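**Student:** What follows is a protein structure lacking sequence information:
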């Protein structure tokens, strides 16, 4: 049985309502948590590309990425946890893992199931909640992985509006 039913949450995946690139975050993190995410990407064999500015580079350790000077090129990690979908991790701060997805790549039950599996994989590995906020609405999650329930669940009524 799916964690979420598309028919019940499709409004939360509507780019016109949520913004095409909702903000995903794992709060209260450390360099070790960032490294755990990098380790999952490699261990699970997800295709990825690490870049600094416009230059692709080998994937360094998290402590190296997070210790970069503030005026250095912005690092990002583009990960494809399932076909035709990309999560873009941005290394803004040690204390919060920050990434985006494109809702246009997450339409329908099959894609929703894969997305939930991705959030669950990250949340279980870190033992932490993973939240999705509407684009630009940081701190107001609409859904997320709940480590206590061990599943992705909605955090708002998707039919309210």
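**Tutor:** Ah, there it is. Worth saying up front: this structure is predicted, and the values here are computed from it rather than measured. Numbering: from 1, shown residues only.
**Student:** Which strands and helices lie in contact with the longest helix seen in the chain?
**Tutor:** Ordering each helix of the chain by length in residues (DSSP state H) puts helix 109-126 first. Here helix 109-126 touches helix 6-9, strand 23-27, helix 31-43, strand 130-133, strand 141-146, strand 151-154, going by 3 or more CB pairs under 8 Å, 6 or more residues apart in numbering; DSSP states H and E. Using the backbone N, CA and C atoms, a C-beta is placed for each residue, glycine as well.
**Student:** deepest of these, which one?
**Tutor:** When the helices and strands packed on helix 109-126 are scored by mean count of other CB atoms under 10 Å, the highest mean neighbour count falls to strand 130-133 (a mean of 24).
**Student:** got the buried residues for the longest helix of the chain?
**Tutor:** Neighbour counts over helix 109-126 (16 or more other CB atoms under 10 Å) mark 111-116, 118-123, 126 as buried.
**Student:** among the helices and strands packed on helix 109-126, which is nearest residue 88?
**Tutor:** With respect to residue 88, and counting by CB to CB, the nearest of the helices and strands packed on helix 109-126 is strand 23-27 at 9.7 Å.
**Student:** relative orientation of the closest one and helix 109-126 in degrees?
**Tutor:** 20 degrees (axes from the mean of the first three to the mean of the last three CA atoms, to 10 degrees).
**Student:** what comes into contact with strand 23-27?
**Tutor:** Contact partners of strand 23-27, identified using CB atoms under 8 Å, 6 or more residues apart in numbering, comprise 33, 87, 95-101, 119, 122-123, 126, 128-138.
**Student:** what's the nearest residue to residue 141 if we skip its chain neighbours?
**Tutor:** residue 131 (3.8 Å; CB to CB, 6 or more residues apart in numbering).
**Student:** Equivalent analysis for residue 151, please.
**Tutor:** residue 3 (5.0 Å).
**Student:** ok, now how distant is the nearest residue to residue 18 once chain neighbours are set aside from residue 16?
**Tutor:** Excluding its sequence neighbours, the residue lying closest to residue 18 (CB to CB, 6+ apart) is residue 134, at 4.6 Å. Counting by CB to CB, to the nearest Å, the separation of residue 134 from residue 16 is 11 Å.
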